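A.B. asks: Attaching a predicted model along with its sequence, questions to come.
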Amino acid sequence: MRNVISSKVANVPPSGIRRFFDIAATMKDVISLGIGEPDFMTPPQIVRAGMGSLNRGETHYTSNAGTLELRRALSDYLRRLYGVTYDPETELLITVGVSEALYLALTAIIDPGDEVIVPQPCFVAYTPGVIFNGGVPMTINTRVEDNFQVTGTQIRARITPKTKAILIGYPNNPTGAVLKHETMLEIAQVAEQHDLAVISDEIYDRLVYGIRHTCFASLPGMQGRTILLGGFSKSHAMTGWRIGYVAAPEELVTAMSKVHQYTIMSAATTAQTAALAALTSAEDDVERMRLEYDRRRRLIVSGLNEIGLKCFEPQGAFYAFPSVEISGMNDDEFANTLLEEEHIACVPGNAFGEATGHYVRMSYATAYEKIELALEKMQRFVRRHG
């Protein structure tokens with residue numbers, strides 16, 4: 001049979017994250033500092049709610065948009081946290097994780113040739129998602145000297161008549177950077193001046209340290225042009241439940257719902273019941289996990305800097321993004337050699353963007369004691385190679 005694979009799919013490389021973990025899975029005694037997944041179990045009352053749903057026989061489809069009870073609770077939650085008000089019947093959509101939410105947003109707004117501004121380093125799915133939908137990613141390389149902040153000036157310089165949207169993800173994966181409030185206002189001004197949509201991925205909104213998260217939609221005039229993406233995977237340790245949401249103006253939610261109807265139908269009923277319990281009964285659990293991540297954050301950042309792997313201070317998510325330049329290796333060489341010699345898994349920076357040749361991502365979503373051991377091993381490693 002002739003080659004039938006689409007060029008837009010064939011030309012996108014496989015995820016650099018998955019490649020490394022396929023290798024690590026074949027090795028014994030690996031300390032994983034790579035995967036972006038909480039090591040905590042889902043809080044027990046959330047699990048009980050999901051199990052109760054199954055025991056009651058709630059194993060059928062829900063409304064395409066998700067259960068109205070969950071959407072009402074989500075509307076209350078966003079209003080309480082960020083002062084933004086969404087109509088639960090027309091402006092909220094429950095999705096299969098934030099990954100589906102991102103896919104729906106890009107599919108709903110991109111026509112072939114439309115440009116989407118994507119600051120890097122960024123989550124691995126952003127650029128491929130734009131390409132898969134026929135769009136053109138217009139990347140911006142942020143710098144450690146600016147604490148990996150993208151500015152309104154940088155975004156303005158990338159705008160052309162074909163620009164359709166700005167796609168941002170803060171708190172940031174992989175750097176842990178959080179946008180300053182004044183920088184967010186600059187970006188909002190650019191979006192308004194050039195009539196652009198803003199897709200704001202805020203999956204790590206509850207995991208910030210020493211600061212307060214600002215929801216992009218809460219900025220003056222921004223709710224009407226923001227597609228807010230959020231979910232439960234990181235804050236509530238619910239990655240395997242695959243449950244997220246979109247909050248946006250009715251016109252945009254209607255368009256995304258159309259794609260959702262034809263591809264997914266509805267998010268899993270059991271997961272929706274669990275998410276409702278997460279919104280109504282898990283605030284103490286979220287804070288408990290956040291405090292432990294903060295403890296680990298301080299350990300890994302100080303430890304990396306002491307070793308000589310320079311690392312700026314992340315203020316959100318659960319990632320450190322150190323420079324490995326002292327080793328004389330690039331990111332791929334460092335990650336491969338560290339895995340081979342010390343059985344420590346991290347992710348090369350190039351998985352998250354083009355201009356990250358001397359950085360690696362290290363997740364501190366693993367036990368404190370394992371991070372301590374990993375730092376000891378990395379100190380030996382750097383002494384050998386630095």
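C.D. replies: The structure has been received and is ready for your questions.
A.B. asks: Quick check: buried residues in the helix ranked longest in the chain?
C.D. replies: In terms of residue count, the longest helix belonging to the chain (DSSP state H) is helix 283-307. Within helix 283-307, the residues that qualify as buried are 285-286, 289-290, 292-294, 296-297, 299-301, 303-304, 307, counting by 16 or more other C-beta atoms under 10 Å. Any C-beta I mention is one placed from the backbone N, CA and C, and that applies to glycine too.
A.B. asks: Now do the helix or strand where Leu338 lies: everything it contacts.
C.D. replies: For Leu338, the host element (DSSP states H and E) is helix 331-342. With contact meaning C-beta atoms under 8 Å, 6 or more residues apart in numbering, helix 331-342 is reached by 20, 23-24, 27, 30, 324, 327, 329, 344-350, 356-360, 377-378, 380-381, 384-385.
A.B. asks: Can you select the buried ones among these for me in ChimeraX?
C.D. replies: The command below creates a ChimeraX selection of those among these that count as buried (16+ other C-beta under 10 Å):
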select :20,24,30,324,327,329,344,345,346,347,348,349,350,356,358,359,360,377,378,381,385
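A.B. asks: so of the contacts of helix 331-342, which ones are in strands?
C.D. replies: Taking DSSP state E as the definition of strands, these contribute Ile344, Ala345, Val347, Pro348, Val360.
A.B. asks: average pLDDT across stretch 264-284?
C.D. replies: In this model, stretch 264-284 carries a mean pLDDT of 98.
A.B. asks: Now tell me what touches that stretch from outside.
C.D. replies: Around stretch 264-284, the neighbours that count as contacts under C-beta under 8 Å, 6+ apart are 42-43, 45-50, 52-54, 58-67, 69-70, 73-74, 76-77, 94-96, 100, 232, 236, 238, 241-243.
A.B. asks: and if we set it to 7 Å?
C.D. replies: Residues outside stretch 264-284 that contact it (C-beta atoms under 7 Å, 6 or more residues apart in numbering): 43, 45-46, 49-50, 53-54, 58-64, 66-67, 69-70, 73-74, 77, 94-96, 100, 232, 236, 238, 241-243.
A.B. asks: Please apply the same query to stretch 221-229.
C.D. replies: Contacts with stretch 221-229, where a contact means C-beta under 7 Å, 6+ apart, come from 84, 98, 101-102, 105, 188, 191-192, 197-203, 215-217, 244, 246-249, 252.
A.B. asks: Can I get it in PDB, CA atoms only?
C.D. replies: Below are the C-alpha coordinates for stretch 221-229, written out as PDB (Å, rounded to 0.1, in the frame of the first residue of the first chain):
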ATOM      1  CA  GLY A 221     -11.600  42.700  29.700                       C
ATOM      2  CA  MET A 222     -10.000  39.300  29.200                       C
ATOM      3  CA  GLN A 223     -12.800  36.900  30.100                       C
ATOM      4  CA  GLY A 224     -14.500  37.500  26.800                       C
ATOM      5  CA  ARG A 225     -11.400  36.500  24.800                       C
ATOM      6  CA  THR A 226      -9.800  33.800  27.000                       C
ATOM      7  CA  ILE A 227     -10.200  30.100  26.700                       C
ATOM      8  CA  LEU A 228      -9.300  28.900  30.200                       C
ATOM      9  CA  LEU A 229      -8.100  25.300  30.500                       C
END
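A.B. asks: how far does it sit from the chain's center?
C.D. replies: 18 Å (C-alpha atoms, centre = their mean, to the nearest Å).
A.B. asks: Just the buried positions in that stretch, please.
C.D. replies: Buried residues in stretch 221-229, counting neighbours by 16+ other C-beta under 10 Å, are found at Met222, Gln223, Arg225, Thr226, Ile227, Leu228, Leu229.
A.B. asks: Fine by me, thanks again.
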